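In: Okay, here's the prediction I keep looking at, along with the sequence it came from:
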Amino acid sequence: MSYTAGQKALCIITGASKGFGWTLAFQLSCLLKPRSVLMLVARTAEQLNRLKEDIINLYGGQNQLDVRCVQADLEKKEGVEKTVQAAKETSVDRQFVLFGLASLGDVSRFALTFTDPVEVNRYLALNVSGALSVTAGVLQALPRRLGLRRSVVNISSLCALKPFPSWVLYCTGKAARDMMFRVLAAEEPDVRVLSYAPGPLDTDMQLQARRSSGDLQLRRSFSSMFSEGQLLSCEESGAKLMKLLLDNDFQSGSHLDFYEL
């Protein structure tokens with residue numbers, strides 16, 4: 001992600017208001033060149049504004065970082081359009097990176113209980129449809145041109161590859177997103193695409209998994225990992241992702257796991 005001094009980058013983080021997205025925002029903010037734009041997207045304005053204030057207090061005065069908050073629900077067309085429009089209103093000299101995170105969904109129930117397509121579609125609208133629409137919209141807004149490097153990072157999971165009982169929504173969404181971004185990499189060879197599985201992170205999402213997973217064995221496994229200190233910090237996993245992007249030697253479209261690196 002390094003580039004010539006003075007050249008601006010645009011980095012967009014969806015789901016930036018908490019957890020891994022929150023950490024990535026801080027880690028990126030100390031890597032970006034002056035006048036670069038860090039765009040934070042989430043549904044909760046209060047948390048986004050607090051994150052912006054914290055970043056500016058830590059780094060803003062030193063590197064003149066332009067931190068922008070976009071309150072948007074990517075489950076809805078209006079939220080996607082708002083995010084894409086915000087991207088259009090920036091100027092980028094050298095690099096654009098989009099980081100896409102996801103929600104866990106209802107993990108308290110098993111597959112046979114999801115008989116309402118409206119409920120299923122709502123989850124997929126945010127985590128699959130919204131992810132594709134905002135990625136496509138932003139890439140159109142920042143089309144290919146000489147000197148512009150474009151990258152998309154899909155925050156993936158082991159769940160994209162392995163079934164977790166009672167996690168049918170999450171596993172389905174992650175698998176769909178991985179394939180979606182593999183197709184993008186095949187169609188757009190100039191776009192660097194990475195699906196990064198950050199490992200089991202010590203976040204509110206993991207807390208929800210320990211408390212709410214319908215599968216008892218899975219719930220016990222997560223609880224054991226927590227009690228034995230086996231969960232990863234967001235900072236540790238994020239640092240490995242930053243190194244991946246800085247080294248820039250991965251195959252576009254690949255799925256890489258924290259434990260494989």
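Out: On my side now, so go ahead.
In: Do a quick rundown of the strands in this protein.
Out: If DSSP state E is used as the criterion, the strands of the chain fall at 9-14, 37-42, 66-71, 95-100, 149-155, 191-197, 254-257.
In: for the chain, longest helix please?
Out: What stands out as the longest helix in the chain, according to DSSP state H, is helix 168-187.
In: I would like the residues contacting that one, please.
Out: Contacts with helix 168-187, where a contact means CB atoms under 8 Å, 6 or more residues apart in numbering, come from 100, 102, 104-107, 110-111, 114, 120, 123-124, 127-128, 131-132, 135, 152, 154, 156-157, 159-164, 191, 193, 195, 252-253, 255. All C-beta spots, glycine's among them, are computed from the backbone N, C-alpha and C.
In: That helix to strand 191-197, inter-axis angle?
Out: Angle of helix 168-187 versus strand 191-197, following axes from the mean of the first three to the mean of the last three CA atoms, to 10 degrees, is 150 degrees.
In: Strand 149-155 and helix 168-187, what's the angle between them?
Out: Computed by the same axes, to 10 degrees, the angle between helix 168-187 and strand 149-155 is 160 degrees.
In: If you count neighbours, what's buried in helix 168-187?
Out: 168-178, 180-182, 184-185 (16 or more other CB atoms under 10 Å).
In: got it, and stretch 141-157?
Out: Buried positions in stretch 141-157, judged by neighbour count with 16+ other CB under 10 Å: 141-142, 149-157.
In: Just the CA trace of stretch 15-26, in PDB.
Out: The C-alpha coordinates for stretch 15-26 follow below in PDB (Å, rounded to 0.1, in the frame of the first residue of the first chain):
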ATOM      1  CA  GLY A  15     -18.900  -1.700   9.200                       C
ATOM      2  CA  ALA A  16     -16.400   0.600  10.800                       C
ATOM      3  CA  SER A  17     -18.300   1.500  13.900                       C
ATOM      4  CA  LYS A  18     -17.000  -1.400  16.100                       C
ATOM      5  CA  GLY A  19     -14.900  -4.500  16.300                       C
ATOM      6  CA  PHE A  20     -12.500  -5.400  13.600                       C
ATOM      7  CA  GLY A  21     -13.600  -2.400  11.400                       C
ATOM      8  CA  TRP A  22     -12.900   0.000  14.200                       C
ATOM      9  CA  THR A  23      -9.300  -1.400  14.600                       C
ATOM     10  CA  LEU A  24      -8.600  -1.300  10.900                       C
ATOM     11  CA  ALA A  25      -9.600   2.300  10.800                       C
ATOM     12  CA  PHE A  26      -6.900   3.100  13.400                       C
END
